[in-house]
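A.B. asks: this one's sequence-less:
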């Protein structure tokens, strides 16, 4: 009988091992993909791509027994042996003087790279980059983008755990339509009509009745037909929902503290990628807040712009509000509060001082909405009354109403668009740049 | 201008605060839901439900100014003030002698609890429990189940990060059908045909070409029509995929080490829930392995059972293999290796010693498959040849084949069914017990 007893020791090393230890002059074995080969006539550089960076290997004629460098192809994967040599001009400050190369795998016969992935920046259109996503992501700059995105989600979760939030996993196939409207994907579900969840809204509220504070980082689906630089049809929503709030400001404070933690975490744990991408982390010590109607007025006056739609912010207005708070308060962020009730979902709590407005907010980051949140109605009677006033059929929502019938604390929460947050942090111009495999009106592959 | 500057100080305390500090005799403020009220004639117990447990509050006539205990309803949420009193018989060893009760919210007028959620174990059918899921989850035992599940995913991710895996977010709306077969949900996607991802298989392999090692914990969708105690149609898959493996045993070793870490993590971080649910953590220091054909033979001989299907394990056989390894090796786990090529997807690597079998495995936990994994083909030519031999149309898979065309390391990975793993750990008889909001052939709500 054979037994598996956990990880066995491997002789191969990673870049991080070499950077941590006293490896100079020592012989090592490592594995990686052949990122590029540069023939310098006297010798060749073989640059290996590993998960934590690039390794410059030096091949000199005669030092690698039984191996002809001309047979080595970009895209092959190899196991090499060699001596570590300190070399400031090499990535990570060292190179490997090769003594042995073993090819582990090779690309297809006669294939040629469709993109020069070893270039610093891929010199091609977004369209081409996305069509070749499986390959274009092998570029070190491209993959650094999604390491930053990984870091944002890690920090979000770590922070939530530290504040006693419970992580939940809510269903993505649902019977109802939480956010209202027609922007919902339909599904055949064993002869029944089903939908893809536009948000975990009803479920996260349900779970507040169970754990007081919950969060989820998961995909959501919106069948929006507009093909803009800021819309995709499947994205990752960072959601939290918290009970026992004193006011909707508690939610904004939680987000502010979370973002503060997140950018601190990135600066410590993802310093390499931040440097590589040239990211300037924004100041998150204080977030200005402004009422929706005031914000409209402010930019209308300052930028001499007529208010067209009093109930919602146009993208152009969001940009101007962002500009205003950058100019006036040197802030990349601004909380816009008290959105009109008309444009918020039925479950939003109206402001008791003026029921035309809600106790809700959006967070704008460099002029773009990255968060929508607010306090929710917690009274069964109030909720039912608002649904009836909106002409909704209460019978369609019995499972959701169940939680209010049997008691819910005052609560509220928010949803953050991960890809948009990453986009603005990286100053990208299109949300597809920060979406691993974007889904939009015309793109379903790769 | 108002600014949000992170979390403001609150005067309310949590159970964990009281357990950590010197609170005996001190006055505190706390919030919670009224879990149950017990009238003891001289006084009343008001048990509050909080995210981290129950708090026994003692109400005595005359000590709470202006509040009539008869007006308090189960399901209300309250803010109370009182003095902490050490009391061994109370949950967590303390009680609060109330001096003030403020009602924050109330259930609907005339509503009555459909379930006695304050009972230790809900004395009702699974069907009722699931139909009333939003309320039944408020039972402390029920909610402990999903804290354990939270812990499993946390440990999985922590372990993966510690082994240099990158977390990825792959699309759930896809154009192709990775696992083959008819068990796939169809979707109308802007006039195109789309599917819900049965697994992140193609995408996680793609990302091995980018980050060498990747993982994802996310929903997957299977349109399987059988309504069994072990099938649900939407579940959470813990997936990882690793490059540069020496053999498929590297994958089993990684899973063994991960499970070892996970159960250790649970015993430290979720000790309260483990005790509450009476969980015995299984031994994970060594995992027996057995070939598929040998396993069939072993149980056929020992339990006198005829082999009907030589290409797959029937559920009954899995149970017997589990029984065998429990009896013979006192192990709750067994890796069954070398599944027949016929029953594995096209991308599985055949055993070079006998191409009727694959370099693949399932992990059985107490007689049930909780993991499927194995080494994948990494050669473009080999993969295309196998697809053609299976009568597949290569043109349908150009985006997937792209990664092999331009070079992939030897690699493999696995997928773990989170709900099943939780089910077997808790010795539950139905996977719906360990699924937050199960989706099955007849259940789409709540």
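C.D. replies: Structure received. For clarity, every value in this text was computed on a predicted model and none was experimentally measured.

A.B. asks: any idea which helix or strand carries the residue in the stretch 51-200 of chain A positioned nearest to chain B?
C.D. replies: Taking C-beta to the nearest C-beta as the measure, the point where the stretch 51-200 of chain A comes nearest chain B is residue A:75, at 3.1 Å. Yep, even glycine has a C-beta here, placed from its N, CA and C like the rest. Assigned by DSSP states H and E, residue A:75 belongs to no helix or strand.

A.B. asks: Give me the neighbour count for it.
C.D. replies: 24 (other C-beta atoms under 10 Å in any protein chain shown).

A.B. asks: what about the strands in the stretch 1-150 of chain A?
C.D. replies: A:2-4, A:27-39, A:43-50, A:53-60, A:77-86, A:94-105 (DSSP state E, counting those that start in this stretch).

A.B. asks: Run through the neighbouring helices and strands of the third one.
C.D. replies: Under the contact criterion of 3 or more C-beta pairs under 8 Å, 6 or more residues apart in numbering or on different chains; DSSP states H and E, strand A:43-50 touches strand A:27-39, strand A:53-60, strand A:77-86.

A.B. asks: Which strands border it, and is each parallel or antiparallel?
C.D. replies: Strand A:43-50 has the following sheet partners, assigned by DSSP bridges: strand A:27-39 (antiparallel), strand A:53-60 (antiparallel).

A.B. asks: what residues does the stretch 251-400 of chain A put near chain B?
C.D. replies: Within reach of chain B by C-beta under 8 Å from any C-beta of the partner chain, the stretch 251-400 of chain A has these residues: A:252-254, A:256-257, A:260, A:285-290, A:329, A:335, A:378-381, A:399-400.

A.B. asks: re earlier: now the helices and strands packed on strand A:43-50 as JSON lines including mean pLDDT?
C.D. replies: Converted to JSON lines, the helices and strands packed on strand A:43-50 look like this (pLDDT from 0 to 100):
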{"stretch": "strand A:27-39", "mean pLDDT": "97"}
{"stretch": "strand A:53-60", "mean pLDDT": "97"}
{"stretch": "strand A:77-86", "mean pLDDT": "98"}
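
A.B. asks: So for residue A:371, which of these sits nearest?
C.D. replies: strand A:53-60 (33.2 Å; C-beta to C-beta).

A.B. asks: Check the offset of the closest one from the chain's centre.
C.D. replies: Distance of strand A:53-60 from the chain centroid (C-alpha atoms, centre = their mean, to the nearest Å) equals 32 Å.

A.B. asks: Kindly report the same for stretch A:435-444.
C.D. replies: 15 Å.

A.B. asks: before we move on, back to that, quick one, what contacts the residue of the stretch 51-200 of chain A closest to chain B?
C.D. replies: A:33, A:34, A:106, A:107, A:111, A:113, B:406, B:407 (C-beta atoms under 8 Å, 6 or more residues apart in numbering or on different chains).

A.B. asks: Show only the entries of the residues of the stretch 251-400 of chain A next to chain B found in strands.
C.D. replies: A:287, A:288, A:289, A:290, A:335 (DSSP state E).

A.B. asks: Now do the contacts for the third one.
C.D. replies: I take that to be residue A:289. For residue A:289, the contact set (C-beta under 8 Å, 6+ apart) comprises A:252, A:334, A:335, A:336, A:337, A:361, B:1, B:2, B:3, B:4.

A.B. asks: Find the nearest non-adjacent residue to the third one, please.
C.D. replies: Read that as residue A:335. residue A:289 (4.2 Å; C-beta to C-beta, 6 or more residues apart in numbering or on different chains).

A.B. asks: Can you name the residues bridging to that neighbour?
C.D. replies: Applying DSSP bridges, one finds that residue A:289 bridges with residue A:335, residue B:2.

A.B. asks: And the pLDDT at it?
C.D. replies: If you check residue A:289, the pLDDT there is 98.

A.B. asks: Could you measure from it over to residue B:339?
C.D. replies: Counting by C-beta to C-beta, to the nearest Å, the gap from residue A:289 to residue B:339 is 59 Å.

A.B. asks: what residue ranges in chain A are flagged as low confidence?
C.D. replies: Low-confidence regions of chain A, defined by pLDDT under 70, span residues A:178-180.

A.B. asks: domain assignment for it?
C.D. replies: Per the record, chain A has its domains at A:15-105, A:140-434, by automatic domain parsing.

A.B. asks: of these, which approaches residue B:217 most closely?
C.D. replies: Comparing these by C-beta to C-beta, domain A:140-434 comes nearest, at 8.7 Å.

A.B. asks: show me the contacts for residue A:344.
C.D. replies: Counting by C-beta under 8 Å, 6+ apart, residue A:344 has contacts A:358, A:360, A:374.

A.B. asks: Mind putting those into a markdown table with secondary structure and neighbour count?
C.D. replies: What follows is the contacts of residue A:344, written out as a markdown table (DSSP: H, G, I helix; E, B strand; the rest coil; neighbours: other C-beta atoms under 10 Å in any protein chain shown):
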| residue | secondary structure | neighbour count |
| --- | --- | --- |
| A:358 | strand | 26 |
| A:360 | strand | 28 |
| A:374 | strand | 23 |
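
A.B. asks: ok so, going back, Serialize the strands of the stretch 1-150 of chain A to a markdown table and add fields for mean neighbour count and distance to residue A:126.
C.D. replies: Shown next, in a markdown table, are these (neighbours: other C-beta atoms under 10 Å in any protein chain shown; distance: least, C-beta to C-beta, whole Å):
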| stretch | mean neighbour count | distance to residue A:126 |
| --- | --- | --- |
| strand A:2-4 | 17 | 45 |
| strand A:27-39 | 19 | 23 |
| strand A:43-50 | 20 | 23 |
| strand A:53-60 | 20 | 24 |
| strand A:77-86 | 20 | 28 |
| strand A:94-105 | 19 | 30 |
